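Colleague: Dropping the sequence and predicted coords here.
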Amino acid sequence: MLGGASPIHRQHLKQAVRICIGRHIPLGTPINFICQFRHTACSTQAVTHSKAHPSDHQTSAERNFPPAHAHFGTSHCRGTNSQPFVKAKQSPTTGTLDSYPQEVVAAIDTCLAQARELVDCEAVKRIKDVPIYSRYFTDRECVNRLAQDAVATSRPQRALQILNIAHHFGCYLKPNHYEGVAYRLAGRSHWALIPLLVATARHHCGRASVRLLNWNMRALMEGQRYDQLDHAFEEFTNADLPPNRRTFHLLISGHLRNRNLNSAKQYMDKMAVAGFPVDPSTHAVIVAAYRSLGADLKVQIRAFENLRDLDGQLSTVVLNSIVQQLLDSRDEKAATRFMLAFDLPGGRGQDSTGSGSTTGLVGEHTPIDSPAVKPNAATFSILLRYMAREGKLSRMLKLLDHMKRAGVHPDPSILAALIGGYLAAGHSREAISVVAMLLNTRSAATAGVFCSMMQVQPLSILPVDVQGVPLTVHIFNALMSGLLDVMGLKAMRDILRTMRAVGVSPDSHTVEILMSFLERAQGTGPRQLIRVLRSFSSPSLRPTIRHIHIILRSILRREKFRVHGCGWDTTAAKYSKKRTYNPRFPEGRILDTTEYYHPTAGLKLPRRLRLKSWFGPILQSVSRQAIQSDRATIALRLRHEAVARSDMGTSQTAFRNMLDQGLHPTIHHYSTLMDGYAKMGDIRGAKQVLRDALEAGIQPNAIMYTILINGYGRRGKPEEAMQAFRAMIRAGIVPDVPSIDAVAHAYFAVGAYSVARRVLREMWAQIQPFPPELEHADLRTLAVTFRSYSLNPEHGRRKLSMRQQRLLHWKMKAIKTEWMRFEQWTGSRPLSGRIDRHDGYPHKEE
């Protein structure tokens with residue numbers, strides 16, 4: 001039962017959950033007990049890390065993780081008695097094994113279906129005495145090729161079963177055979193299978209190798225099992241194997257990803273003691289893993305200075321990481337300077353047509369002294385994602401042309417960014433066409449059904465060549481994220497059906513997209529969010545800290561409403577002669593704090609809400625992995641202390657603790673502190689936080705100025721609110737629905753209803769044309785209609801031109817005139833006096 005999920009259609013939500021997982025598996029079930037592992041797709045972070053740490057046994061031509069080769073109509077192993085093979089029938093469970101004998105595939109799948117993966121089932125016994133079948137499990141080369149090809153199927157756990165059968169038949173493999181299978185599993189991000197593979201290798205060979213132990217450590221890191229990293233390092237001592245530089249790099253990278261600077265520094269010291277001093281490759285590893293901590297100029301400069309000493313791939317990884325971190329902080333100018341180090345068409349980041357920057361970024365184009373670095377698909381993916389987030393579709397399409405000229409073939413991350421750009425610009429048909437064309441390369445029938453469900457006639461021409469690009473969950477997630485706002489839960493249901501048809505399983509980000517949509521757009525409460533997460537959770541799809549963040553955010557949203565109320569009437573009641581303002585602190589119904597800081601930044605659920613029994617297993621699952629609090633969760637802690645409890649002392653302490661941990665604050669942390677000061681009535685403190693953000697290199701946005709406007713409005717100072725609004729316009733920031741609504745609210749709070757109406761009427765055109773049918777509507781109707789536009793995704797970010805700024809100043813001048821008329825009628829001093837007395841703050845000029 002999903003009672004209380006309105007306005008969601010409950011049957012849609014249940015269908016989406018049922019399609020994705022099927023049945024619930026209790027949280028915390030050991031991964032070793034699972035026989036059926038679900039496919040997960042390559043993530044951009046995993047690909048980046050794999051390039052920063054090339055495999056010990058692979059050649060330079062193999063480092064892009066190509067798929068296992070399928071040998072149709074050819075012999076899979078050498079032998080004098082080679083005979084024609086009986087081909088297996090094409091089915092969703094055979095995948096690329098359709099060129100192998102059907103009896104061999106059937107034996108593997110039969111054993112796989114056994115409760116304990118027995119290898120002495122009847123199907124295995126039948127092929128044991130048939131040489132043309134048994135040699136697939138007795139010849140080392142045949143076993144190695146079959147296991148690697150099995151990884152590319154929709155059931156990659158077959159590879160482990162093949163190795164078990166081969167061992168049962170008396171074929172004793174060497175550790176390097178298992179290393180090859182681990183390499184293929186990593187290439188398809190089947191990280192959950194690698195620890196089982198390493199354990200299998202120990203059982204079969206009686207020992208492991210340094211490379212296998214490194215693969216095991218890498219799999220633990222990718223699976224966010226940070227609690228097992230130290231134990232994985234101890235296994236080198238237990239196996240009497242010396243760790244190499246790659247071992248320490250993996251440990252350093254893992255702890256940096258987990259935002260644990262102290263542990264990372266400890267392993268850097270151990271690396272030096274082991275005879276591996278810090279070198280340029282170490283700086284490459286650090287900067288590649290530093291994104292979770294925030295942009296650090298010293299780290300970036302140190303890594304950039306060592307570019308000349310790195311090979312081509314590592315230098316590209318370093319430069320990509322620096323640009324990504326700078327774009328995360330929206331520093332286009334600095335990102336552009338580093339982009340000039342790439343060897344792009346036209347020479348060092350310049351467009352050969354003379355039209356400006358090839359990258360499409362705005363900033364200085366001064367050359368920097370560095371070696372020319374060859375861009376790769378990740379380079380263009382980083383830029384495309386940033387442009388998609390900014391709603392710059394035309395620049396994205398231009399960048400794709402430069403990518404073609406650079407000879408870079410698109411990968412799933414590039415197509416996902418293109419889909420995001422199309423959806424941000426409102427071009428749903430083009431986004432759906434990208435996925436439809438990828439589906440068509442697999443199955444024309446599936447592509448037709450998909451387009452029919454989406455009710456779209458796909459385009460036949462795309463700006464990129466999708467031939468050879470694998471269809472991964474990353475692409476489906478990008479489509480789902482954008483279509484949910486347009487089509488609702490029906491889009492997710494149809495996309496999940498399509499994913500199931502092509503053998504692509506959802507990942508943790510899929511669950512995050514659904515939960516975020518339910519919380520943000522549908523107003524779903526924490527109870528329903530927890531139910532959704534528990535329904536999607538399994539030992540191979542564990543809850544993450546990002547899931548916890550969404551649940552806590554939902555609780556905090558309701559917490560803020562309980563403490564401060566909502567709407568214009570809440571503030572207006574402070575100054576009304578007829579109403580009594582009596583705020584109540586909801587003791588026992590807001591979040592509490594605990595001494596255990598990680599992973600929730602010290603937050604725990606309210607005492608009176610019946611959520612602990614449901615949320616407990618989720619929190620326990622994440623806590624077992626020793627995951628540290630991230631910057632987003634710490635921002636929630638700041639919001640709780642500053643906004644809900646109005647305890648700015650504790651909030652500032654939490655902020656300083658975050659800095660001490662090496663985490664760099666974002667605009668969200670400064671905005672939260674500003675909101676806390678503003679709600680307390682301390683506008684001077686809010687302005688000081690704004691100045692601190694500027695000194696830290698963070699450019700203010702509309703949210704920060706809206707906080708100031710709301711702060712003045714709560715104190716009954718609409719003139720100062722209008723001054724803050726003008727300052728925002730002078731900064732070139734476009735007004736959005738909340739900022740305009742805050743100005744109107746400031747006048748409404750003191751009873752200047754005509755001025756509030758004038759504000760909405762004059763500023764309406766900044767969002768969209770004013771509806772003629774609302775010309776004579778009352779103020780309430782105008783406010784409700786105007787606020788509904790805040791959910792419009794087409795109103796993207798843009799800079800105000802000088803003409804637009806002048807036009808806005810002229811409109812505000814007219815509003816000022818209206819306000820002065822209101823002051824002449826009511827008088828401003830009595831109003832201000834009542835405001836200060838009700839707020840409990842002495843009247844001071846800012």
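Modeller: Great, that's in hand. Numbering: from 1, shown residues only.

Colleague: CA only for contacts and neighbour counts going forward, please
Modeller: Noted.

Colleague: middle-most residue in the chain, spatially?
Modeller: Nearest to the geometric centre of the chain sits His509, at 6.8 Å (CA atoms, centre = their mean).

Colleague: So it is in contact with Ile475, correct?
Modeller: No - judged on CA atoms under 8 Å, His509 makes no contact with Ile475 at a distance of 11.5 Å.

Colleague: quick one: the residue lying closest to the residue nearest to the centre of the chain once chain neighbours are set aside and Val273, what's the gap?
Modeller: Spatially, and ignoring its direct neighbours in sequence, His509 is nearest to Asn477 (7.4 Å; CA to CA, 6 or more residues apart in numbering). Distance, Asn477 to Val273, by CA to CA, to the nearest Å: 44 Å.

Colleague: Who has more neighbours out of these two?
Modeller: Higher neighbour count among Asn477 and Val273: Asn477, with 25 against 10, using other CA atoms under 10 Å.

Colleague: element containing the more buried one, please.
Modeller: Using DSSP states H and E, Asn477 sits within helix 473-487.

Colleague: immediately after that helix, which helix or strand?
Modeller: Proceeding N to C from helix 473-487, the next assigned helix or strand is helix 489-501, under DSSP H and E.

Colleague: Just name whatever secondary elements that following helix is in contact with.
Modeller: With contacts taken as 3 or more CA pairs under 8 Å, 6 or more residues apart in numbering; DSSP states H and E, helix 489-501 sits against helix 10-20, helix 444-454, helix 473-487.

Colleague: re earlier: which secondary structure elements does the helix holding Asn477 contact?
Modeller: If you count contacts as 3+ CA pairs under 8 Å, 6+ apart, helix 473-487 packs onto helix 412-424, helix 428-442, helix 489-501, helix 508-520.

Colleague: looking at those helices, which is buried most?
Modeller: helix 412-424 (a mean of 26; mean count of other CA atoms under 10 Å).

Colleague: so for that one, what's the average pLDDT?
Modeller: Across helix 412-424, pLDDT averages out at 94.

Colleague: Equivalent analysis for stretch 624-638, please.
Modeller: Stretch 624-638 comes out with an average pLDDT of 91.

Colleague: what's the span of it from first residue to last?
Modeller: Terminal residues of stretch 624-638 are spaced 25 Å apart (CA to CA).

Colleague: buried ones in it?
Modeller: For stretch 624-638, the neighbour count (16 or more other CA atoms under 10 Å) marks 625-638 as buried.

Colleague: Stretch 712-727 too?
Modeller: 712-726.

Colleague: Can you tell me which of those residues end up in helices?
Modeller: Among the buried residues of stretch 712-727, the members found in helices (DSSP state H) are 712-714, 718-726.

Colleague: Of those residues, just say which sits nearest to Ile495.
Modeller: Nearest to Ile495 among these is Phe725, at 42.7 Å by CA to CA.

Colleague: wait, the closest one sits on Ile707?
Modeller: No - shown here, Phe725 and Ile707 do not form a contact pair, counting by CA under 8 Å, at 10.5 Å.

Colleague: quick one: the closest residue to Ala159 other than its chain neighbours and Leu173, what's the gap?
Modeller: Leaving aside its sequence neighbours, Ala159 sits nearest to Ala147 (CA to CA, 6+ apart; 4.4 Å). The gap separating Ala147 from Leu173 is 12 Å, by CA to CA.
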